[in-house]
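Visitor: no sequence for this one, just the structure:
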């Protein structure tokens, strides 16, 4: 058992210390205790010091996890040899997020009822103009995410509606003037990810959805005004060395110390808010992590590097395994926190969301309920058959038109959608579900086909462990308000294992 000495930030305004304690304790049986045993510290005091630095390194890893996950996503989207777009462009999916597409992008827990776009823009060069269309009633939105994984603005959706508009994203500190017709959006970081989502009912609806997606465009201010564009810089970013079969947000680095190298580089390029620079970063100086200085293994002693590597070898999996402890759980469903998507100084929520659902939306735009256990509290596995019956008050999945809801199945080992013989990855409001006279309906969650009379309501499961995401896009206002008090929130019904 470790002893812990916990450092608190100025004013005690964050909850990282207790998470450090939670995560290190959760890591029992992992590399951390083994590492401590190998050290064979000569005194109890030395053990206490090792425990202290393990706690501080865990605290720092939780703080850094979102920017590392975003760095990994930026590489796969814009810089990898297989990248479909370059900085300043939007990669528009021509297909829903099948298991193959999800693995190609490294995008964990994707929504299969939308056509996605992904693009990273470098605002240090110049402002970027985002143009969105009148969709004539089709749901769409463009999420704008900073490099710390905060959804800081939207175009379309609940935020601005579906009639179109022109927006100018500007870098921190940019003081230039813009054409009058542009709506100015101040970005928190120089690099920003733009993520369009356009609703599609199914594959037969792809062409209509793609028409809207194609009208979501970006261009630099110079091009918009008819001037020569600034010269594109040569980017020489470090290549993340990751397990290609696992979502990049899980941060399964071949060398765990690369986590710290990337965190340092990404943070120096995209500094956090000034309040965090003053309150958080001073805690990590003794880890060699300082704003304006590039971290390397040589920045710290071999013993410290060993501690830091042991922490980050486990951080992705440990965050994933403990993500559900942070939110309320009812009937096997995790009820999301009200601040998902832009968590401010709640670094626990931010880190958990980065690993489990990187670039998750704010609850004003979309709400995600995660199904992780059956009515008996047991994990969901493909060896069993389950039902979930929706009846009575279903406000939790009620959207504002033209919003929608859906339930999607995911392989718990990869975080990707599940291959199956009928190529069905989700069921929802756009499907022809078999319903009872009172509007209630039952979904069947299992590997094998439940039969012709139930196939319309069948959501195929994988062989191993799985989880579900119930999404409500453009939720009614009462949903977001209710999530402020999750203990009284009326969420999805229980998932019941069948004999």
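Guide: Nice, thanks for sending it over. Model, not experiment: these values are computed from the prediction.
Visitor: hey, where'd the helices end up in the stretch 351-499 of the chain?
Guide: 477-482 (DSSP state H, counting those that start in this stretch).
Visitor: how about the strands in it?
Guide: Taking DSSP state E, counting those that start in this stretch to define them, one finds strands in the stretch 351-499 of the chain at 366-371, 386-390, 399-411, 426-428, 441-446, 458-460, 466-475, 495-497.
Visitor: and those as JSON lines, adding mean pLDDT and distance to residue 347?
Guide: The way it works is simple: take the backbone N, C-alpha and C, and place the C-beta from them, glycine included. Below are the strands of the stretch 351-499 of the chain laid out as JSON lines (pLDDT from 0 to 100; distance: least, Cβ to Cβ, whole Å):
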{"stretch": "strand 366-371", "mean pLDDT": "94", "distance to residue 347": "20"}
{"stretch": "strand 386-390", "mean pLDDT": "98", "distance to residue 347": "33"}
{"stretch": "strand 399-411", "mean pLDDT": "96", "distance to residue 347": "25"}
{"stretch": "strand 426-428", "mean pLDDT": "96", "distance to residue 347": "31"}
{"stretch": "strand 441-446", "mean pLDDT": "98", "distance to residue 347": "34"}
{"stretch": "strand 458-460", "mean pLDDT": "98", "distance to residue 347": "34"}
{"stretch": "strand 466-475", "mean pLDDT": "96", "distance to residue 347": "23"}
{"stretch": "strand 495-497", "mean pLDDT": "97", "distance to residue 347": "30"}
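Visitor: I'd like those strands as JSON lines, with distance to residue 346 appended.
Guide: What follows is those, written out as JSON lines (distance: least, Cβ to Cβ, whole Å):
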{"stretch": "strand 366-371", "distance to residue 346": "17"}
{"stretch": "strand 386-390", "distance to residue 346": "30"}
{"stretch": "strand 399-411", "distance to residue 346": "25"}
{"stretch": "strand 426-428", "distance to residue 346": "29"}
{"stretch": "strand 441-446", "distance to residue 346": "32"}
{"stretch": "strand 458-460", "distance to residue 346": "32"}
{"stretch": "strand 466-475", "distance to residue 346": "21"}
{"stretch": "strand 495-497", "distance to residue 346": "28"}
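Visitor: relative to residue 175, which of those strands is closest?
Guide: strand 366-371 (33.8 Å; Cβ to Cβ).
Visitor: and the closest one, which strands flank it?
Guide: strand 333-335 (antiparallel), strand 466-475 (antiparallel) (DSSP bridges).
Visitor: which one of these lies closest to residue 387?
Guide: So among the strands paired with strand 366-371, strand 466-475 is nearest, using Cβ to Cβ, at 12.6 Å.
Visitor: next, the angle from the closest one to strand 399-411.
Guide: Strand 466-475 and strand 399-411 are oriented at 170 degrees to each other (axes from the mean of the first three to the mean of the last three Cα atoms, to 10 degrees).
Visitor: now strand 466-475 against strand 386-390, angle please.
Guide: Using the same axes, to 10 degrees: strand 466-475 against strand 386-390 is 20 degrees.
Visitor: for the stretch 151-300 of the chain, which segments count as strands?
Guide: Under DSSP E, counting those that start in this stretch, the stretch 151-300 of the chain gives strands at 151-156, 165-170, 183-186, 191-199, 217-220.
Visitor: now the ones you listed as CSV including mean neighbour count?
Guide: Listed next are those as CSV, based on neighbours: other Cβ atoms under 10 Å:
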stretch, mean neighbour count
strand 151-156, 22
strand 165-170, 20
strand 183-186, 14
strand 191-199, 24
strand 217-220, 17
